[in-house]
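> pasted the sequence and its predicted model underneath.
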Amino acid sequence: MTDIASNIRSVKTALPPGVKLVAVSKAKSPAEILEAYNAGQRCFGENRVMELAGKKDVLPPDIEWHLIGHLQTNKVKYLVPFISMIESVDSFRLLKIIDNEASKVNRVISCLLQIHIAEEETKFGFTMDELYAMLENADLYKLRNVNICGVMGMATFTGNREQIRNEFRYLSKCFNDVRNTYFRDNENFKEISMGMSGDYEIAVEEGSTIVRIGSLIFGAPVKNNKQHT
């Protein structure tokens, strides 16, 4: 049996001050999440909107929920009343829909811009050309119900640690370039979400401020789907 409380303590001990732990709870039961909650964990990450919405209703209201999976535009309306952060904004269209839906419930939603840093084409995210095109668009700065807080990325699923390091280093460079050019005076733009159970130590060394860890806390998933854990 997985000792979730002990695992959380171990992970938090390994993280330096200032690095936020998102416990990836996709496919985990409310009981397992509650065990982590009772061990002091308050921030949880989910991939699927409807799964997240169902869990939210039966778990403590002070949980900080992060959406870390690909977000379809037609699901945004279900998230905006309660979500703490959407880490996986991968298009200007999606960002505008989040802003519009958030305005209806009078909320400002914290968002990260997902950048494609991996070799796999199946992973989502802006290319840097796409990101710069959005950042140069004056319409971006008319949005009032989104708060762009930084960037997110996922490394290639590989055993090559040097490749993973290089991809994380690239994401940190992207973050610094974007911050220095477009968000120099915005103190909210400060987050780099990168690193999962198998590579979070490298991510922290390369500047991560948010790590998304699932299997080290809840145990290995039945199906091998490393993408967001």
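Yes, it's here. Numbering: from 1, shown residues only.
> for residue 182, give me its contacts.
For residue 182, the contact set (CB atoms under 8 Å, 6 or more residues apart in numbering) comprises residue 135. To be clear about C-beta, it is placed using only N, CA and C from the backbone, and glycine gets the same treatment.
> thought residue 90 was touching residue 131?
No - with contact defined as CB atoms under 8 Å, residue 90 does not reach residue 131; the gap is 9.7 Å.
> joint contacts of these two?
The contact lists of residue 90 and residue 131 share residue 113, where a contact means CB under 8 Å, 6+ apart.
> center of this structure - which residue?
residue 87 (3.6 Å; CA atoms, centre = their mean).
> can you name the element that comes right after the particular helix or strand that has it in it?
Assigned by DSSP states H and E, residue 87 belongs to strand 85-89. Downstream of strand 85-89, the next assigned helix or strand under DSSP H and E is helix 92-104.
> which elements pack onto that next one?
helix 76-79, strand 85-89, strand 109-114, strand 146-152 (3 or more CB pairs under 8 Å, 6 or more residues apart in numbering; DSSP states H and E).
> return the distance of the helix or strand hosting residue 34 from the chain's centre.
Assessed by DSSP H and E, residue 34 sits inside helix 30-38. Computed by CA atoms, centre = their mean, to the nearest Å, the chain-centroid distance of helix 30-38 equals 20 Å.
> coming back round to it: quick one: the residue nearest to the centre of the chain and residue 68 touch, right?
Yes - counting by CB under 8 Å, residue 87 touches residue 68, with 4.8 Å between them.
> overlap in contacts, those two.
With CB under 8 Å, 6+ apart, residue 87 and residue 68 have common neighbours 45, 152, 193, 212.
> how about those residues, which pair is most distant?
Farthest-apart pair in the shared contacts of residue 87 and residue 68 is 45 and 152; separation 10.6 Å (CB to CB).
> any residues in contact with both of these two?
Common neighbours of residue 45 and residue 152 (CB under 8 Å, 6+ apart) are 68, 87.
> what residues does the residue nearest to the centre of the chain make contact with?
So residue 87 contacts 45, 66-68, 111-112, 114, 152, 193, 210, 212 (CB under 8 Å, 6+ apart).
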